[in-house]
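**Q** Below is the sequence, then the predicted model.
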Amino acid sequence: MATAEVERRRARLATMSIAAVVILVGIPLWWRTTTTYRAWLPVTQIQELAKLQLLLSADVEVVFARGTLTPEQQKKITVTHTQDEDHDINGETSLTYRYETRYRTATIMEEDALSQPSAVATDLSLHTLSESPCGSLVVYVIPESSSLLPQDVDVYVGQRRTALLRVAAETKAAKTLDQVLAAVEPRVKEVLQVMSFSHHDITAALGDRVRLSPGSPQRKADSMRSFKSSPGYEITFSLLNPDPKWHRLHWDIEGAVRTYVQPLLSKLSPVANFSVDSQMLHYTMLGVNAQFDASHDAYTLSVESLAHVINPVEARLGSNAASSNALLNFLLYVPDPQHSPLRILDHQKRQVASNAFHSPRWGGIMVYNVNGFYEANGEAVDVNINMAEVMGVFLAQLRLLLGVHPSAPRAGFLVAPPGSSGLSDWELDRLMWSRSVENVATATTTITSLAQLLDQIDNIVINDNIAQQVSSAIASLQLATAELESGNLAFALQYSKEAILASERAFFDPSLLHLLYFPNDQKFAIYIPLFVPICVPLVLALLQIMSEVHQRRRDKQAKKD
Amino acid sequence: SIGLAMNSAEQFFNSGHTNNWAILACTSRFWFNYRHVANTLSVYRSVKRLGIPDSQIVLMLADDMACNHRNPKPATVFSHKNMELNVYGDDVEVDYRGYEVSVENFLRVLTGRLPPSTPRSKRLLSDDRSNILIYLTGHGGNGFLKFQDFEEISNIELADAFEQMWQKRRYNELLFIIDTCQGASMYERLYSPNIMALASSQIGEDSLSHQPDLAIGVHLMDRYTFYMLEFLEDIHPASKTNMNDLFKVCPKSQCVSTPGRRTDLFQRDPGSVLITDFFGSVRKVEITVETINLTDSESGELQNESRSYVDQLPVSEIIHQKPKQKDWHPPDGFILGLWTLILLVFFKTYGMKHLKHIL
C-alpha cells in the first residue's frame, strides 16, 4: 500500500542518514578526540645518531731545537703528517683518533728560551712566547747533550701544553729526515698518551654506552671515583669542632677560597659551574673510637674503620643546595684533646702524610692535629688553621673527584707539579676531552632511548616543546661532533654541554609520564556499552535494506524474463 | 699513584656501588591498615640505623597512624605487641604523605620526571653507581598493587618504570621487596638487568598479618616484614651477612604464605651480595696520598671587615603613605557627569522656566 511504501521509504532514509552520520561524522570525531597529540620527531636523524662514530683530532707541533738535526735535514723539513687510528668498540660505537703532526725547527726566541738553566724556567719562558690553543700540544725535541733534564729523565711534561723530549743518540746517527722522523714519532706518541686523550680515558668516558670490563681494579676505581658529567657542582667546606671548650678555631675560609680554590674553579669553568659554601659544626664527633697506639705514639684510625666515619657525620651536615646538582663535601676535623694527636694509618699500618682520606663521589675528610698547650684553668686555646696546608689536601681530593686521574708513572718521564691554580693546562685538556665524549655519548643514548620509548608506548603525549628540545639537542650533537673532528676542543665541549642539557630536559619532562596503560579487556569493557546499543540496530537495519534491495532486483530480473 | 694495594682495591670495589638509596612506600590508608605503615616504618628504621641518610631515603606514607585520633598511644607506631620498639622514632622524615602518595608520584620519583619546583628531599637523585632498595607494602592482587583505595599500579607499569631507570642508568643494582597478597606477580614482568626481587607470597596466596593487639585494636605488622625486621635487627653496619640469609627469612611454617624471589636478572651471585649493600650505606674510602703544594705567600692578612647592617631605607619608603594632594585639580568626569544628571532631572521636573535664573 502507499502508506506502507512511504513508511518503508522513510525508514530506509532514516537508517541511511543515521549510518551516514555515524560513518562520516561520528567515527572521524571519535578518532580525533581519542588520539593523543604527538608532535613530529626527526626519527631518521635519531636513528642515525644510534651509531656513534666519533673522530677526535689533536694538533701536535714537533719543534726541533738546534743540535737535533743536520743542516740538510733542516732544509727539507716542512712535513705535515696526519695519522688515523681506528677503534671499533662494538657494532654501534667506533672511535677514530687523528693526530695532525706538524714538524718545524725552532725560532731564535725559542732557542733562547731553551737555553735557560732549568726545565721549569724554560717552560715559563716558552709559555710567554706563544700560547697553544685548547687541545693542541707542542713538543720540543732537544739534543741529547742538553743539560735541561736530569740524567735519567727523557721527557719533561710542563705545566702548560709543552713538553721537552730528549732525543736518543741513534737519532743523531740517522741519515735522512725520514729516519729521524720515524725514530721520533713513537716517542711523541708516548708523550701524547700522557698529555692528550688516551684510549683508556675515552673508553672509560663511554662507560654508560659500552659496558666494557674495566681491566684493572685501578681503572674501575678511577671510573667509580669521579663524578659523572654534570652542569654544576656544589662544594661545601665544613669545619668540625667536637669540643669547643678546649679549642677556639679560626679559619679564614673566605680568603682561602678566594686565593686557592677560586683559581682552580675558574680554570674549570668551561667544564661546569661551581658554587662554594662553608660551615662550622660544633659538638660533632667522628662516629668511630680511635685507639691509642703506642708504636705511633698517637691515636690511630685504620682504613677499615674509616668507612664508618662518614655516615654519622653526614646526618649533621646541612646542605644549602636548591638545585639537583651533585654535592661535594670537604670536612676538616680537629680532634678533641682527649684524642689528640689523631693519625690515619694506611693498609700497611704506616702513617699517612696528608692525614686525609676521600670517598668516591662524596668528598674528603682531613684530620688536623693541634698541638696546643692546654692551661690548667681550662681556657680555650686559640688555633689559627694553616689554610695553605688544608687547601693543598682538599684541592688534591677535588681534582681526583672531578676526574683528573693521575696517570701511571712512566719510566723516564718527569711531570711538572700543577701550578698555583692547581691544574695543569694539559690536565684540563684531558678532562675536557673525556667530558666532551661523555656528554656526546650520554646525550646520544638519551635521545635514542627517548625515541624508542615514545615509539613503544603509543599513548604518551609528545608536546611541541619536547620536539623542539629534541631537535636542538640533535643540532648541538652534530655541531659537537663536527668541532671534535676539527680539533676545536673548547667549542666541542660547549656544544656537548648544550646537547646534554637539551636532551635531559626532553627526557625528564614531567609531561612524559605514561599512566595510560590499557589492557585489551579494559578497552573492550569501555567501548562495548557505548557502541553496541547504537551499532547493533543500525547494522541490522542496513542488512534489512540490503536484503530488500536484493529482493527487488531479483523480482525485476524475474519480471524481465 | 693513589697508593692502594691491588688486593685492597679489589676488595673495596667488589660491589661496584658508591652510594645507597631507599624508596619505601606504604600505599594504603585508613586506621585498619596500621600494619602497612608499621611495615614501612620498620624498614625505614633499619635502613637509617645501618647508615643511609635521610637525604637519600624517599619515604612515602599514605596515612598518618602515629597522630591518628584513633591511636590510643599517640605519636607512636609499634611493631610488636609488647610495645618495646617504637618504629616511629624521634627523627622520622616523611617525604610524601597522605594523598601525595599516588601512582603518578611514585612513578615520577622512579623515572625522575618531577616538576622543576620539587625539592631535593623528594627526588631520587641516584646515578649509575647507586644501589637502590625499593620496598612496597599495601593491598595487592594478581598483577597490581592498590594505591589509596582508588588507584592501581600494574606490574607492567612498574617494569616499564624500571626499564626507564635502566636506560638513564639511574641505578647500579636494585633490590625490590614487596609485602602484599600475591606479591610475586609484581616482579613477574620485570625485564631490566641487575634487579633482585623478593615477595612475601606467591600468586594465589595471601600474605597474612601477624600481631593482633587488643590495646590498639588492629594488627600491628605483617608476618613477612615482622620476621624480616627481626632478622635486620641483628645486622650492624660492619656485618658480612649475605642475601642467602635474607632468602631464608620467614619460611612457610612461620609465614603461612611462601615467600618468593627472583634472581635471574641479577648478575652477581646472591651469596656474594651483602645485606649492607642495599640496606646500609658502607662508604668506599681511599687514602689521599698526593697533595698540592700551595705557597703561603699569596695570602694576605685576615681582613677583618667591620660587619654592619646595610643602610636602612628611609622610613617613609618602607611604610607606604598616601601622598597628600597639595594642588587643586578640577573635578573629573564622574563628578561633572553626576552634576549634569542632577541638573537635567531638576529642570525636567520643575520646568525650564527656572533656567533663566541661572543663565
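**A** That came in fine, so what should we check first?

**Q** what about the stretch 251-400 of chain A, any weak spots by pLDDT?
**A** Under the criterion pLDDT under 70, the flagged ranges of the stretch 251-400 of chain A are A:372-378.

**Q** in it, which spans are helices?
**A** For the stretch 251-400 of chain A, the helices defined by DSSP state H, counting those that start in this stretch cover A:253-256, A:262-267, A:303-306, A:310-314, A:387-402.

**Q** quick one, which of these is nearest to residue A:532?
**A** Within the helices of the stretch 251-400 of chain A, the stretch nearest residue A:532 is helix A:310-314; the backing value is 62.1 Å (C-beta to C-beta). Backbone N, C-alpha and C define where each C-beta goes, glycine included.

**Q** buried stuff in the closest one?
**A** The neighbour-count check on helix A:310-314 (16 or more other C-beta atoms under 10 Å in any protein chain shown) flags A:310, A:311, A:312, A:313, A:314 as buried.

**Q** near chain B too, which of those residues?
**A** Applying C-beta under 8 Å from any C-beta of the partner chain to those, one finds that A:310, A:311, A:314 fall near chain B.

**Q** In a markdown table, list the helices of the stretch 251-400 of chain A along with distance to residue A:36.
**A** Shown next, in a markdown table, are these (distance: least, C-beta to C-beta, whole Å):
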| stretch | distance to residue A:36 |
| --- | --- |
| helix A:253-256 | 54 |
| helix A:262-267 | 45 |
| helix A:303-306 | 53 |
| helix A:310-314 | 44 |
| helix A:387-402 | 43 |
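
**Q** any idea which of these is most buried?
**A** Counting by mean count of other C-beta atoms under 10 Å in any protein chain shown, helix A:387-402 has the highest mean neighbour count of the helices of the stretch 251-400 of chain A, with a mean of 23.

**Q** roughly how far is the next helix or strand after that one from the heart of the chain?
**A** Sequence-wise, the next helix or strand downstream of helix A:387-402 (DSSP states H and E) is strand A:413-415. Distance, stretch centre to chain centre, for strand A:413-415: 27 Å (C-alpha atoms, centre = their mean, to the nearest Å).

**Q** And for stretch A:398-412?
**A** Counting by C-alpha atoms, centre = their mean, stretch A:398-412 comes out at 17 Å from the chain centroid.

**Q** Check stretch B:75-86 too.
**A** 23 Å.

**Q** How many residues are close by residue A:308?
**A** Per other C-beta atoms under 10 Å in any protein chain shown, the neighbour tally for residue A:308 reads 20.

**Q** contacting residues around it?
**A** Counting by C-beta atoms under 8 Å, 6 or more residues apart in numbering or on different chains, residue A:308 makes contact with A:287, A:288, B:51, B:237, B:238, B:282, B:283.

**Q** Would you list the phi and psi of the residue nearest to the spatial centre of chain A?
**A** By C-alpha atoms, centre = their mean, the mean C-alpha position of chain A lies nearest to residue A:229, the distance being 2.7 Å. Dihedral pair for residue A:229: phi -60, psi 130, per degrees, to the nearest 10.

**Q** same question, residue B:151
**A** Residue B:151 adopts backbone torsions of phi -130, psi 160, taken as degrees, to the nearest 10.

**Q** what are the ranges of the strands in chain B?
**A** Remark: strands assigned in chain B by DSSP state E are B:19-26, B:57-61, B:96-97, B:130-137, B:140-141, B:144-147, B:151-154, B:173-179, B:195-199, B:260-262, B:286-287.

**Q** Among those, which comes closest to chain A?
**A** strand B:286-287 (5.0 Å; C-beta to the nearest C-beta).

**Q** quick one: is that closest one near chain A?
**A** Yes. With C-beta under 8 Å from any C-beta as the measure, strand B:286-287 is seen reaching chain A through B:286, B:287.

**Q** What helices and strands are in contact with that strand?
**A** Contact analysis of strand B:286-287 by 3 or more C-beta pairs under 8 Å, 6 or more residues apart in numbering or on different chains; DSSP states H and E lists strand A:356-359 as its packing neighbours.

**Q** The strand it packs on pairs with which strands, and in what direction?
**A** Sheet partners assigned to strand A:356-359 using DSSP bridges are listed as strand A:363-367 (antiparallel), strand B:286-287 (antiparallel).

**Q** Could you identify which of the ones you listed is most buried?
**A** Greatest average neighbour count among the strands paired with strand A:356-359 goes to strand A:363-367 (a mean of 25), per mean count of other C-beta under 10 Å.

**Q** Just the residues contacting it, thanks.
**A** Taking C-beta under 8 Å, 6+ apart as the rule, strand A:363-367 contacts A:236, A:301, A:309-310, A:313, A:327-335, A:342-344, A:354-359, A:390, A:393-394, A:397-398, A:401, B:288.

**Q** for stretch A:68-86, same thing?
**A** So stretch A:68-86 is contacted by A:64, A:94-105, A:141-143, A:167, A:171-172, A:176-177, A:180-181 (C-beta under 8 Å, 6+ apart).

**Q** List the buried residues in that stretch.
**A** A:68, A:69, A:73.

**Q** which ones among these are found in helices?
**A** Here DSSP state H is the test, and the buried residues of stretch A:68-86 give residue A:73 as lying in helices.

**Q** Go through the buried residues of stretch A:68-86 and name the one nearest chain B.
**A** Among those, residue A:68 lies closest to chain B (C-beta to the nearest C-beta), at 32.9 Å.

**Q** Quick check: the gap between that closest one and residue A:465.
**A** From residue A:68 over to residue A:465 the distance is 60 Å, taken as C-beta to C-beta, to the nearest Å.

**Q** repeat for residue B:209
**A** 48 Å.

**Q** quick one on the thing from earlier: just put the strands paired with strand A:356-359 in TSV and tack on distance to residue B:349.
**A** Below are the strands paired with strand A:356-359 laid out as TSV (distance: least, C-beta to C-beta, whole Å):
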stretch	distance to residue B:349
strand A:363-367	90
strand B:286-287	101
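
**Q** what about the ones you listed, which gets the closest to residue A:19?
**A** strand A:363-367 (73.3 Å).

**Q** what ranges do the helices span in chain B?
**A** Under DSSP H, chain B gives helices at B:6-12, B:34-49, B:103-111, B:155-167, B:223-233, B:243-247, B:252-255, B:315-318, B:333-350, B:355-358.

**Q** For the ones you listed, which has the smallest mean pLDDT value?
**A** Ranked on mean pLDDT, the bottom entry among the helices of chain B is helix B:6-12, at a mean of 43.

**Q** count of neighbours near whichever residue of the stretch 101-250 of chain B sits closest to chain A?
**A** Of all residues in the stretch 101-250 of chain B, the one sitting closest to chain A is residue B:167 (4.1 Å; C-beta to the nearest C-beta). Residue B:167 has 19 neighbours, counted by other C-beta under 10 Å.
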